[in-house]
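Chemist: The amino acid sequence is not available; the structure is as follows:
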Ligand SMILES: NC(=O)C1=CN([C@@H]2O[C@H](COP(=O)(O)OP(=O)(O)OC[C@H]3O[C@@H](n4cnc5c(N)ncnc54)[C@H](O)[C@@H]3O)[C@@H](O)[C@H]2O)C=CC1
Ligand SMILES: O=C(O)[C@H]1O[C@H](OP(=O)(O)OP(=O)(O)OC[C@H]2O[C@@H](n3ccc(=O)[nH]c3=O)[C@H](O)[C@@H]2O)[C@H](O)[C@@H](O)[C@@H]1O
């Protein structure tokens, strides 16, 4: 099938590469010449396990091409996927300017029937706006060409994007019931057939429900995390261990084990923005989503939890103190630092007069870019960040270690070395990687999230 993907970011590039891998003829369009140049020279602009190999294999086989040529991209695909960003606007609502610009571009050049697929996460009602933008462009050209706008939200996770796309839990497709909608449905059915032959994992629904499903999923996951984080903070006070509680409740199949990990808050490009956008949608209809307001507030507080624990442990005297930080990305297996908890912690430490040595397996370059933005008002503080060459080296002469991201490489360190390098053996663990009892035996002072068991040496 001939497919065009508009936007070659995380979602667009993974979608394009995976669809090419299944034998489709894929045209990837982006407005960012730099990204297209990287892709055309054999590189990939993001860190995503397994993606580079798939892109290289399909490029060599001539099944995927990258370009900034809008007319050629519209001419290419019978199915046009819109996978551009939908960042938060100033009021938290989803900014649709890129989605609508992509739609207008399709309308400017299309001559025959096109299925236009909203892959981006977009508020309920966006498909109607995309259809209106297409019509407007067609009217301006006095051209009549048929189309159908389909909602096919994406549920992949960064760091596991290829695996998630290739082996989806579910495929949600929203089509309308017009003749064009039926035509679109049969094309989408054909396109997704290799993923689930009997379509046992495809959920067909109306367009608005499909749009809503995406926000409902992210909002539910964010809610579980904030709920557990709030309980973890209570566990710290009452002397319970949130990890034991997590196992205890997760074994109830009505609750399940996934996404119940307490930590130093959720980040990334999606949960924060999608929770906010859903709240704004509700406000447009005069409704307040009270649970989601609390989810956001709890998460904002949770991102400060490591900083607060460190302040308390050092009696609010951080001037001249030095901390090692393991993990900068918002989660493992990505270099993405959007809304990462590390940024809140490092902001707190530096602005309180401390210095830090940071280490992340892949986000070191991204960190330099991001910290310039975070400390635009106090650039002298950038001098107080040292970029370590490996996790152990980051520990040298630090007053404590703080762990923000649960990279595998941090899970079984040589604790003798950890103790030898730190000034004193103190660990603040924002992802509950270690067992308090083991830390106790090792004579390491351990501050987890909701683990209550605290040992002082
Ligand atoms: N990142 C993720 O894990 C997931 C993201 N999503 C959603 O997918 C959408 C895309 O997200 P990402 O891929 O992370 O964004 P991204 O920011 O990585 O990529 C978007 C790309 O679109 C390009 N672009 C913008 N306007 C364009 C236009 N008119 N024509 C062609 N290209 C254009 C940009 O240059 C950029 O390369 C968002 O709505 C997001 O919420 C959904 C599921 C997972
Ligand atoms: O819409 C999106 O873009 C995507 O958002 C999330 O994916 P992602 O943001 O890549 O990462 P997650 O693995 O969901 O983690 C998000 C944040 O939650 C935190 N988290 C996750 C799970 C948990 O139990 N506890 C917890 O604190 C992680 O550390 C991370 O900061 C969803 O999991 C995807 O299904 C969805 O497609």
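Modeler: That came in fine, so what should we check first? Being a predicted model, the structure only gives us computed values, none of them experimental. Ligands and ions are numbered 1, 2, ... in the order given.
Chemist: now the helices for the stretch 251-400 of the chain?
Modeler: Using DSSP state H, counting those that start in this stretch, the helices of the stretch 251-400 of the chain run over 271-284, 290-302, 305-313, 341-351, 364-374, 391-394.
Chemist: For the fourth one, which outside residues touch it?
Modeler: Okay, so that is helix 341-351. Helix 341-351 is touched from outside by 263-265, 267, 302-304, 306-307, 310-311, 318, 323, 325, 327-330, 337, 356, 358, 360, 370-371, 374-375, 378, 381, 384-385, 402, 404-405, 430, with contacts defined as CB atoms under 8 Å, 6 or more residues apart in numbering. All C-beta spots, glycine's among them, are computed from the backbone N, C-alpha and C.
Chemist: Tell me the buried residues in it?
Modeler: For helix 341-351, burial by neighbour count (16 or more other CB atoms under 10 Å) applies to 341, 342, 343, 344, 345, 346, 347, 348, 349, 350.
Chemist: quick check, nearest of the residues you listed to ligand 2?
Modeler: Proximity of the buried residues of helix 341-351 to ligand 2 was ranked by CB to the nearest ligand atom; the top entry is residue 341 with 6.9 Å.
Chemist: From residue 361, how far off is that closest one?
Modeler: Applying CB to CB, to the nearest Å, the value for residue 341 to residue 361 is 17 Å.
Chemist: which bits of this protein sit near ligand 2?
Modeler: With CB under 6 Å from any ligand atom as the criterion, the chain meets ligand 2 at residues 121, 154-158, 218, 221, 225, 259-261, 263, 266-268, 270-271, 330-331.
Chemist: Just the buried residues of the residues you listed.
Modeler: When burial is judged by neighbour count using 16+ other CB under 10 Å, the buried members of the residues of the chain next to ligand 2 are 121, 154-156, 158, 218, 221, 225, 260-261, 263, 266-268, 270-271, 330-331.
Chemist: What helix or strand is the residue lying closest to residue 18 once chain neighbours are set aside located in?
Modeler: For residue 18, ignoring the flanking residues on the chain, the nearest one in space by CB to CB, 6 or more residues apart in numbering is residue 165 at 4.6 Å. Applying DSSP states H and E as the criterion places residue 165 in helix 161-166.
Chemist: Contact partners for the one residue in the stretch 1-150 of the chain that gets nearest to ligand 1?
Modeler: With CB to the nearest ligand atom as the measure, the residue in the stretch 1-150 of the chain that lies nearest ligand 1 is residue 9; the distance is 1.8 Å. The neighbours of residue 9, taking CB under 8 Å, 6+ apart as the test, are 46, 83, 84, 85.
Chemist: one step back: among the contacts of helix 341-351, name the ones in strands.
Modeler: Judged by DSSP state E, strands contain the following of those: 323, 325, 356, 358, 385, 402.
Chemist: what number of residues lie near the fourth one?
Modeler: The burial count assigned to residue 358 is 23, neighbours taken as other CB atoms under 10 Å.
Chemist: which residues sit in contact with it?
Modeler: Contacts for residue 358 (CB under 8 Å, 6+ apart) come out as 324, 325, 328, 342, 346, 364, 367, 385, 386, 387, 388, 394.
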